[in-house]
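Chemist: here's a sequence, model it:
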Amino acid sequence: MNMMSLKGFARAMRRRLRDEPHLRLAAARADAFLVSYPKSGRTWLRYLLSCYFAESAGLGFEPDLTSTFRILPNFDRDPVRGIDAFVGRGGDGELPLVLVSHLPFRERLFRDRPVLFLVRDPRDVIVSAYFHATRHKKSFSGDMAAFLDEPKYGMAALTDYLNGWAAGLEGRPHHLISYEQMLGQPMPTVAAILAFLGVEPQPAILARAVAAAQFDRMRDKERDGGIPGHDYDRNDDQSLRMRSGKAGGFGAWLSPDQADLVLERCRADLSPRALSLLAATGVDL
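Modeler: I've put the predicted structure just below:
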């Protein structure tokens with residue numbers, strides 16, 4: 001580990017020690033967590049749910065890609081996107097506290113709270129993660145072949161994450177969602193999420209939320225205002241969070257051998273429990 005890596009590790013450890021007591025208190029009062037590996041469709045699902053709750057709880061504003069964090073905040077201490085941004089439960093209790101996270105499973109941190117767990121075809125995840133790293137964050141400059149083997153972003157990171165959460169979900173209330181189900185059947189998929197949260201779905205409000213969260217409308221909002229905390233070229237389609245909005249697009253960016261390699265790594269490295277999570281995507285593993 002070089003000196004820069006050591007300094008970064010030390011900063012991360014100091015931040016973890018500082019923030020963990022606050023996060024544990026927040027976890028104790030959360031109704032649920034929304035958890036996913038990065039690039040699995042979390043921004044879309046968060047925004048759709050925030051549109052639903054903004055109307056059902058009478059919050060008095062139409063969410064955009066910044067105010068969405070006031071309704072479903074990140075599980076962190078960022079003042080704009082994190083727990084302190086939460087608008088509050090409201091007098092009628094219609095707004096549950098759903099904390100949103102990409103963090104690996106840690107029982108001490110997530111306690112015994114229910115979890116909404118979102119998965120996506122790992123081939124699409126890898127492609128989206130590649131463009132996020134190369135065009136959005138500019139934190140990686142290699143090609144796709146190198147990315148697949150990169151420990152921080154590639155297949156090892158994905159399989160480690162899924163294995164950890166597959167074990168963590170055992171014995172706790174959880175509801176599994178796939179990006180592919182959301183695309184194919186958004187109304188019943190989100191209605192089931194609401195029911196898991198103890199919320200009686202209101203079909204008319206849900207239909208309006210689904211319409212508001214259509215890909216083109218969200219992409220327009222991102223082009224206009226961006227994502228808070230991120231500085232990137234919003235004129236570059238491949239750098240946007242709303243980059244593709246479809247399932248199975250990996251074939252345009254992965255060679256057949258690379259696509260097969262992703263599945264082979266999943267079969268070899270994922271636990272049976274983790275493989276069962278990915279079954280919801282319809283991928284043959």
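
Chemist: surely Ser40 touches Leu118?
Modeler: Yes. Applying C-beta atoms under 8 Å as the test, Ser40 and Leu118 come out as touching, 5.1 Å apart. Where C-beta positions appear, they are placed from N, C-alpha and C, glycine not excepted.

Chemist: any residues in contact with both of these two?
Modeler: Common neighbours of Ser40 and Leu118 (criterion: C-beta atoms under 8 Å, 6 or more residues apart in numbering): Tyr179.

Chemist: which helices and strands sit right next to the one helix or strand Glu264 maps to?
Modeler: Glu264 belongs to helix 256-269 when elements are defined using DSSP states H and E. In terms of contacts (3 or more C-beta pairs under 8 Å, 6 or more residues apart in numbering; DSSP states H and E), helix 256-269 is packed against helix 122-131, helix 144-149, helix 155-169, helix 272-278.

Chemist: pick the most buried one from these.
Modeler: helix 122-131 (a mean of 24; mean count of other C-beta atoms under 10 Å).

Chemist: between that helix and helix 155-169, how big is the angle?
Modeler: If you take axes from the mean of the first three to the mean of the last three C-alpha atoms, to 10 degrees, helix 122-131 sits at 120 degrees to helix 155-169.

Chemist: for helix 122-131, output the C-alpha coordinates as PDB.
Modeler: Extracted in PDB, the C-alpha atoms of helix 122-131 (Å, rounded to 0.1, in the frame of the first residue of the first chain):
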ATOM      1  CA  PRO A 122     -24.700  -8.500 -13.500                       C
ATOM      2  CA  ARG A 123     -23.600  -7.900 -17.200                       C
ATOM      3  CA  ASP A 124     -25.600  -4.700 -17.300                       C
ATOM      4  CA  VAL A 125     -24.300  -3.700 -13.900                       C
ATOM      5  CA  ILE A 126     -20.700  -4.100 -15.000                       C
ATOM      6  CA  VAL A 127     -21.300  -2.000 -18.200                       C
ATOM      7  CA  SER A 128     -23.000   0.800 -16.200                       C
ATOM      8  CA  ALA A 129     -20.300   0.700 -13.600                       C
ATOM      9  CA  TYR A 130     -17.600   0.900 -16.300                       C
ATOM     10  CA  PHE A 131     -19.100   4.100 -17.700                       C
END
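
Chemist: would you map the strands across the stretch 1-150 of the chain?
Modeler: Ranges of strands in the stretch 1-150 of the chain, per DSSP state E, counting those that start in this stretch, are 32-36, 98-101, 115-119.

Chemist: identify whichever of those strands lies nearest to Arg135.
Modeler: Among the strands of the stretch 1-150 of the chain, the nearest to Arg135 by C-beta to C-beta is strand 32-36 (20.5 Å).

Chemist: contacting residues around the residue nearest the centre of the chain?
Modeler: Residue closest to the average C-alpha location in the chain (C-alpha atoms, centre = their mean): Arg42, at 3.2 Å. Contacts for Arg42 (C-beta under 8 Å, 6+ apart) come out as Leu34, Ser36, Val100, His102, Leu118.

Chemist: and these as a markdown table, adding neighbour count, distance to Glu264 and pLDDT?
Modeler: Converted to a markdown table, the contacts of Arg42 look like this (neighbours: other C-beta atoms under 10 Å; distance: C-beta to C-beta, whole Å; pLDDT from 0 to 100):
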| residue | neighbour count | distance to Glu264 | pLDDT |
| --- | --- | --- | --- |
| Leu34 | 23 | 30 | 99 |
| Ser36 | 24 | 23 | 98 |
| Val100 | 25 | 31 | 98 |
| His102 | 15 | 25 | 95 |
| Leu118 | 26 | 24 | 99 |
